[in-house]
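Trainee: model this:
(one chain, ligands or ions: 2)
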Amino acid sequence: MIKLAPSILAADFSRLGEVIKETGESEADLIHIDVMDGQFVPNITLGADIVKAIRPYTDKPFDVHLMVDHPDRFIDQFADAGADIITVHVETCAHLHRTIQMIKSRGIKAGVVLNPATPVDSIDPILAELDMVLLMSVNPGYGGQVFIPSTLDKIRQLRRKIANLSLDIDIEIDGGVNKDNVKAILDAGANVIVAGSAIYRDADIKTSIQTFKQGMRK
Ligand SMILES: O=C(CO)[C@@H](O)[C@H](O)COP(=O)(O)O
Ligand SMILES: [Fe+2]
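Mentor: Ligands and ions are numbered 1, 2, ... in the order given. Sure thing, here's the model as predicted:
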């Protein structure tokens, strides 16, 4: 199933509750929440207390993308705050299998994120344990960057691998996705699309999401 996960990183943080409510009333399938620690990535965003504060504004699943070193330290906090999916970067996990088990032990979905320079093969041993693989199509840290075209080959490679193993795993793409490149990304085999600036740049969030989803269905 094809899904859209608007990234609130590009939203107006001064009215975050309202933004979550409007996104919740839209055709969005998930709400993508970028957590950055100023260590693994050169930027700081928000923590579990903010996720907890916005949780009452919608029932849509929260897709929490952890861009933090040693993510094991924060999994319980984000699960308690209301995350439905937690993804961790393979580049940050010394014991990836343990981290994935920690997430799943909380009864929520678990995914792994790969930076643009990290090969798809690096997660072969853990693939069968995952609900989702997130392929970064920019180097993480900021919204509004340009999509890296070699991501398309990684999507095809990963989709082939998943099909060969008869697994049921979502492929999510994050970074620089817009109405002009989203079809190529879906055609390559991705099924979950993160979009930040392409969605929240417009004041009318619901219409922006509706239009973006129409473009995904074409
Ligand atoms: O994880 C990240 C950035 O590190 C993303 O989720 C961005 O928030 C996507 O923003 P756009 O590239 O769509 O503006
Ligand atoms: Fe993200």
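Trainee: how about the strands of the protein, start to end?
Mentor: Ranges of strands within the chain are 3-6, 31-36, 62-67, 85-89, 109-114, 132-136, 170-174, 192-195, based on DSSP state E.
Trainee: relative to E22, which of those is closest?
Mentor: Closest to E22 of those, according to C-beta to C-beta: strand 3-6, at 10.1 Å. C-betas here are computed from N, CA, C, even on glycine.
Trainee: buried ones in stretch 140-158, by neighbour count?
Mentor: Across stretch 140-158, burial judged by 16 or more other C-beta atoms under 10 Å covers 140-141, 143, 145, 147-148, 151-152, 154-155, 157-158.
Trainee: my error: substitute stretch 98-118 in the last question.
Mentor: Of the residues in stretch 98-118, those buried (16+ other C-beta under 10 Å) are 99-100, 102-103, 108-116, 118.
Trainee: of those, closest to A79?
Mentor: So of the buried residues of stretch 98-118, ranked by how close each gets to A79 (C-beta to C-beta), first place is I108, at 5.9 Å.
Trainee: tell me the phi and psi of that closest one?
Mentor: Dihedral pair for I108: phi -120, psi 170, per degrees, to the nearest 10.
Trainee: what sits against it?
Mentor: Neighbouring residues of I108 by C-beta atoms under 8 Å, 6 or more residues apart in numbering: 79, 83-86.
Trainee: nearest to D180, out of the strands of the chain?
Mentor: Judging the strands of the chain by C-beta to C-beta, what sits closest to D180 is strand 192-195, at 11.8 Å.
Trainee: helices or strands next to that closest one in the packing?
Mentor: strand 3-6, strand 170-174, helix 182-188 (3 or more C-beta pairs under 8 Å, 6 or more residues apart in numbering; DSSP states H and E).
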